[in-house]
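Novice: Build the 3D model from these lines:
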Amino acid sequence: MLPDEPNTEPTAADDADPIAGVAHPRRIRSFVRRAGRTSTGQQRAIDEIGPKLMIPYAPAVLDWQAAFGRQGPAILEIGFGMGETTAHIAALRPQDNFLGCEVHEPGVGALLKLAGERGLDNIRIVQHDAVEVAAHMLAEQTLDGVHIFFPDPWHKKRHNKRRLVQPPLVKLLASRLKPGGYIHCATDWEEYAHQMVEVLAGEPTLENTSTAAGGFAERPEYRPVTKFEKRGLRLGHGVWDVVFRKRA
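Specialist: Just a heads-up that it's a prediction; the model follows:
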């Protein structure tokens, strides 16, 4: 759910993004390294359910039918945190196949635990940087959708360059989308929300699904209001959804 960068300034060696092939001030990753202990229940889920639902990262194109044992719409989720939203959407959309990328082990264990408790067989997890997964494991025109919910806003201006939603990643993700496929972002940081609209609008293969002022979409019914979001709303914070679709 969060972009990864150590708290250091970029160096000359980081002048290009080797993944997307687009000049970029630093290598954007899809996560931050967070401390946290894996609980007994989470570790049990990793040990018992992980062998079935976890896919090892490998720089080779993923066979979705083999991975899920069936055909179905392919949805990539970048950073699922503790997995509650992913589990909710997977239950609501059983016909879709969800590939979640998360490096935080407690979060991986938490989603596996939820999948086991709720009998969800349409989730697979790669415990690896989603940018590399998209670049090396997903073929072009493979995805029906991409979810990026509440990525780290890096709210200090000098850290804005560390944000996940930037042109190189959007270009990469757009190349992996089928025509008509969508990218759905959500954030509770207004300035980042405007940046998301601007960056996605800058990708010529995408078009905004919203005609509303500011370019923001109504929250799709499949995305639940999380505990985190409810707390923010009580405090008067806004939440913005941005949904773009790949042109046919």
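Novice: what are the phi and psi values for the residue sitting nearest the centre point of the chain?
Specialist: Geometric centre of the chain, nearest residue: Ile78, 1.7 Å, by Cα atoms, centre = their mean. For Ile78, the backbone dihedrals (degrees, to the nearest 10) come out as phi -100, psi 110.
Novice: How about it, nearest residue that isn't a chain neighbour?
Specialist: In space, and not counting its chain neighbours, Ile78 is closest to Ala130: 4.2 Å by Cβ to Cβ, 6 or more residues apart in numbering. Any C-beta I mention is one placed from the backbone N, CA and C, and that applies to glycine too.
Novice: That neighbour contacts Phe80, correct?
Specialist: No: with contact defined as Cβ atoms under 8 Å, Ala130 does not count as touching Phe80 (9.9 Å).
Novice: any common contacting residues for these two?
Specialist: Cys101 (Cβ atoms under 8 Å, 6 or more residues apart in numbering).
Novice: Least confident secondary structure element in the chain?
Specialist: When each helix and strand of the chain is scored by mean pLDDT, DSSP states H and E, strand 22-23 comes last, with a mean of 39.
Novice: Have a look at Ala130 and Phe80 and say which one is more surrounded.
Specialist: Neighbour tally, Ala130 and Phe80, criterion other Cβ atoms under 10 Å: the higher count belongs to Ala130, 29 against 26.
Novice: measure Arg247 to Thr205 for me?
Specialist: Distance of Arg247 to Thr205, computed by Cβ to Cβ, to the nearest Å: 6 Å.
Novice: Can you tell me the closest non-neighbouring residue to Gln95?
Specialist: Spatial nearest neighbour of Gln95, excluding adjacent residues (Cβ to Cβ, 6+ apart): Gly72 at 5.6 Å.
Novice: Lys178 too?
Specialist: Gln141 (4.9 Å).
Novice: Report the strand of the chain that spans the greatest number of residues.
Specialist: When the chain is parsed with DSSP state E, its longest strand is strand 177-187.
Novice: Now do the buried residues in that one.
Specialist: Using 16 or more other Cβ atoms under 10 Å as the test for burial, strand 177-187 gives Leu177, Lys178, Gly181, Tyr182, Ile183, His184, Cys185, Ala186, Thr187.
Novice: Phi and psi next, for Gly232.
Specialist: Torsion angles, degrees, to the nearest 10, at Gly232: phi -60, psi -40.
Novice: right, and it touches Val239 too?
Specialist: Yes: between Gly232 and Val239 there is a contact under Cβ under 8 Å: 6.8 Å.
Novice: Give the residues shared as contacts by these two.
Specialist: Asp188.
Novice: the more surrounded of the two?
Specialist: Val239 (21 against 17).
Novice: Three-state assignment for the closest residue to Glu105 other than its chain neighbours, please.
Specialist: Nearest residue to Glu105, sequence neighbours excluded (Cβ to Cβ, 6+ apart): Thr38, at 5.1 Å. The three-state label given to Thr38 by DSSP: H, G, I helix; E, B strand; the rest coil is coil.
Novice: Any idea how many residues pack against Thr38?
Specialist: Thr38: 17 neighbours (other Cβ under 10 Å).
Novice: And the one 5 residues further on, by the same measure?
Specialist: In terms of burial, Gln43 registers 17 neighbours under the definition other Cβ under 10 Å.
Novice: From Ala139, how far out is it?
Specialist: Distance, Gln43 to Ala139, using Cβ to Cβ: 33 Å.
Novice: Kindly report the same for Lys157.
Specialist: Going from Lys157 to Ala139 by Cβ to Cβ gives 37 Å.
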